[in-house]
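next come a sequence and a model predicted from it.
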Protein chains: 4
Amino acid sequence: MQYSLARRAAAEAVGTALRVATVVGSGIMGERLANGNIAIALLANTVATGAALLTLILTFGPISGAHFNPAVTLADALDSGTGWRDVPAYLSAQFSGGLAGAIIAHLMFALPWYSVSTHARHGLAQVFSEFVATFGLMSVICGCSRLRLAATPYAVASYIVAAYWFTASTSFANPAVTLARSISNTFSGIQPVDVMPFILAQLAGAGCATLLFRWLAPARFALAMPRE
Amino acid sequence: MQYSLARRAAAEAVGTALRVATVVGSGIMGERLANGNIAIALLANTVATGAALLTLILTFGPISGAHFNPAVTLADALDSGTGWRDVPAYLSAQFSGGLAGAIIAHLMFALPWYSVSTHARHGLAQVFSEFVATFGLMSVICGCSRLRLAATPYAVASYIVAAYWFTASTSFANPAVTLARSISNTFSGIQPVDVMPFILAQLAGAGCATLLFRWLAPARFALAMPRE
Amino acid sequence: MQYSLARRAAAEAVGTALRVATVVGSGIMGERLANGNIAIALLANTVATGAALLTLILTFGPISGAHFNPAVTLADALDSGTGWRDVPAYLSAQFSGGLAGAIIAHLMFALPWYSVSTHARHGLAQVFSEFVATFGLMSVICGCSRLRLAATPYAVASYIVAAYWFTASTSFANPAVTLARSISNTFSGIQPVDVMPFILAQLAGAGCATLLFRWLAPARFALAMPRE
Amino acid sequence: MQYSLARRAAAEAVGTALRVATVVGSGIMGERLANGNIAIALLANTVATGAALLTLILTFGPISGAHFNPAVTLADALDSGTGWRDVPAYLSAQFSGGLAGAIIAHLMFALPWYSVSTHARHGLAQVFSEFVATFGLMSVICGCSRLRLAATPYAVASYIVAAYWFTASTSFANPAVTLARSISNTFSGIQPVDVMPFILAQLAGAGCATLLFRWLAPARFALAMPRE
């Protein structure tokens, strides 16, 4: 038995909206309060995002799988998880939910409902960072979802906390979130022209991790191993 | 078998008191030590509140359900959880426990036992923030309590950590806590005139989430799904 | 079957030593690096202490119960947990382990192996803070150990994180740790003359919580309730 | 059934690479953003490293055991865990993965792919710190892996968070990570001449903890005790 596609898409949309609202909103709050110390603003942004991700995956995971991320949905479809017929609904929900989340954050902070970001994030090192960030994220998802399912929400949230700091791009690692952040000229924004290279690097990173784990922990192995 | 109403109400009162003592006390401590950097004070406030919430839900959850929040109790009664006959005792315990918690915090920090807050928190954006904050909180509670019961304490604490930063109001999300914070003219206070709009927005947010989850994850579905 | 008393006492001694080494050591490190911002030093102190407590309870809990705290051992003996014949060994291990931990911290930071603290911590508000801190700690232990055993390490560590900030005394809540901190003239020290009032308040707080939980969640109830 | 040695070595290499990339990368990011407040930089470094360790142990633990650390592999071989025939592959994977991780971090931050560290870390107190740090780490691993297996990833990550602050050396506690940090002239680097004393102290600390736990919680005891 499975939840209806409408319910699953709604879960993806609401979850992605709250996720983006957290990234954008906590970025605004952090920057406003930190007296110019960017490290403190980013630390607040990190703690809020990690905590939101954990709670949202725990809440919506049993309904839709809690992807909130087109790269995850596509990789899952490649590995015969999500059916290809459901992919368009998932992707639409994620992109529209993400945009709605940015708008909600702006309204909470009494800002115009959208503003085009002028935050430049480009160059080879930034794009390579997104590749590494999404490679790591997808590795965590592949490994945990096959071998340690119940710990996946904690592992994914933890990964994002680390990736905010160890990649030079603060780890967007998500095409829907990347697009949504382009309509927010605030702390966590990205200028529209830099969106597409980020998304391509994210898809490449997710693809490589998926291939690696096909060899490293194939599903037929996982089934034969004792689960913790 | 259920704990007696007296025991459950006592658990709600003690838990809400310790929760409010944490919000108010850690706000005082944070502001005193942070040399005027509000982001650091709020970060300390956030960490302390999230940690307190986790430990209090773990401790009192098995006894009373660990609502500590009139909006949660009312939503739970609407969903046929808490019996309507028990609601007055729960609400009284939460409101009186909350006020006691603020007083305990003041005494620990050698302040007058109460002081009327002059901290203005009003305007549409603030009220909308409370709506979003409580909508999110109630979504987490509805989703986790039906589908992932054991993870609920971690999910709720995590949610509050995120909500401190992603909403413009720092997410009160609780009528009893809101009232209690009006008698504390400290970092986490709210002036009395702003209390009622906050409470109305909180109840509206909790109501919307409850309705959403009636459709999204109805109880009869939850029972039919394998629990993790 | 139970571990021998020698093994249990050794576990208490090593665990308490590492715990005090963390409190004292992270206090020194935090103060040295924080450029005079006490909130940041205390935040580092808090994170380190909470993390150490979690890991030490997980490690030594199955061997000795991981009390690391004379107030906990005494309350547990009153509730017929630890046998009275084992109490002297537990208390000796905790006090001596605590003192060893302070010395180890000093040697790691190239300080004289001990120094008498001149950090004044007195007055009614401070002593009341210790009462509240230990009341809360003992409530968490009583509630979780009866009703949610597996979550106890997380609940206790979380509690201490919160209590560092919501009490005015930063929550010593432990006679052995209090004594050990008197031989460290560093960030987390306490002058010897203030030790005894702290310890008395801690014992009073622990006693009150123990009595409350005898009524609130009596052991015979706990056994009859379904465990999560 | 066990994963092939090639798969296990690959898991150790990828995991150690991501671990070192986190230590080095988050150190660079923290120092760049912290406006000279080293405590904030170290706090970010701590949070990122602890989070990375948790997620990597959860991900790769079921495949290779997630040692990521030659001291752990050697101690495990002494205790008849890892077979001696597999040790060379584990150690090679860890050392080469660690070096690769440092290089990846440098490329993400647009730095030369390696640079010899000039960060002096020597003297008796520093070396004693590494002894204590690795003694504690190995105690946590011995205790949890025998008595509380499922909690080990949380316990180990928590330990490292604490050890960053309570030891004067910020707790390298890992020969492969120590070597890798010598090719990074950034926040978390160590000059090559200081590497060998660190590694010797780490091996001594790991050895002492292994001996202590042979007496404290012998494997034959662990099997006879009820697991939580």
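Nice, thanks for sending it over.

quick check: angle from the helix or strand hosting A:T55 to helix D:38-64?
Using DSSP states H and E, A:T55 falls within helix A:38-64. If you take axes from the mean of the first three to the mean of the last three CA atoms, to 10 degrees, helix A:38-64 sits at 30 degrees to helix D:38-64.

helix A:38-64 close to chain C?
No: using CB under 8 Å from any CB of the partner chain, helix A:38-64 never reaches chain C; the gap is at least 8.8 Å. The way it works is simple: take the backbone N, C-alpha and C, and place the C-beta from them, glycine included.

how much space separates A:A110 from B:S129?
Noted for A:A110: a distance of 10 Å to B:S129, by CB to CB, to the nearest Å.

any common contacting residues for those two?
Both A:A110 and B:S129 are contacted by B:A168, under the criterion CB atoms under 8 Å, 6 or more residues apart in numbering or on different chains.

per-residue pLDDT, A:L147?
At A:L147, the model reports a pLDDT of 87.

please name the nearest non-neighbouring residue to the residue nearest the centre of chain A.
In chain A, the residue lying closest to the centroid (CA atoms, centre = their mean) is A:N174, at 4.3 Å. Distances taken as CB to CB, 6 or more residues apart in numbering or on different chains place A:N69 nearest to A:N174, at 4.4 Å, with adjacent residues excluded.

and if you look at A:R181?
Using CB to CB, 6+ apart and skipping residues adjacent in sequence, the residue nearest A:R181 is A:I190, 5.0 Å away.

would you map the helices across chain A?
Along chain A, counting by DSSP state H, helices occupy A:5-33, A:38-64, A:70-78, A:87-108, A:124-147, A:152-166, A:175-181, A:195-216, A:219-224.

hmm, back to that, A:A110 and B:S129: which is more packed in?
Ranked by neighbour count (other CB atoms under 10 Å in any protein chain shown), A:A110 and B:S129 place B:S129 first, with 31 against 13.

distance-wise, check that one relative to chain A.
Look at B:S129 and chain A: by CB to the nearest CB, to the nearest Å, they are 4 Å apart.

wait, doesn't that residue sit right on B:F172?
No: between B:S129 and B:F172 there is no contact under CB atoms under 8 Å: 9.1 Å.

now chain A, which segments are flagged as low pLDDT?
A:1, A:220-228 (pLDDT under 70).

give me that answer again for 80
A:1, A:219-228 (pLDDT under 80).

what's the burial count for A:W113?
By the criterion of other CB under 10 Å, A:W113 has 11 neighbours.

hang on, A:V72 packs against A:S145?
No: under the criterion of CB under 8 Å, A:V72 makes no contact with A:S145, lying 9.9 Å away.

between the two, which one's more packed in?
Taking other CB under 10 Å, A:V72 and A:S145 do not tie; A:V72 has more neighbours (27 against 21).

once you drop chain neighbours, what's closest to the more buried one?
A:I141 (6.3 Å).

which ones are touching the one you found?
A:I141 touches A:V72, A:A75, A:T152, A:V156, counting by CB under 8 Å, 6+ apart.

quick check: the first one vs A:S64, distance?
What that stands for is A:V72. Distance of A:V72 to A:S64, given as CB to CB: 11 Å.
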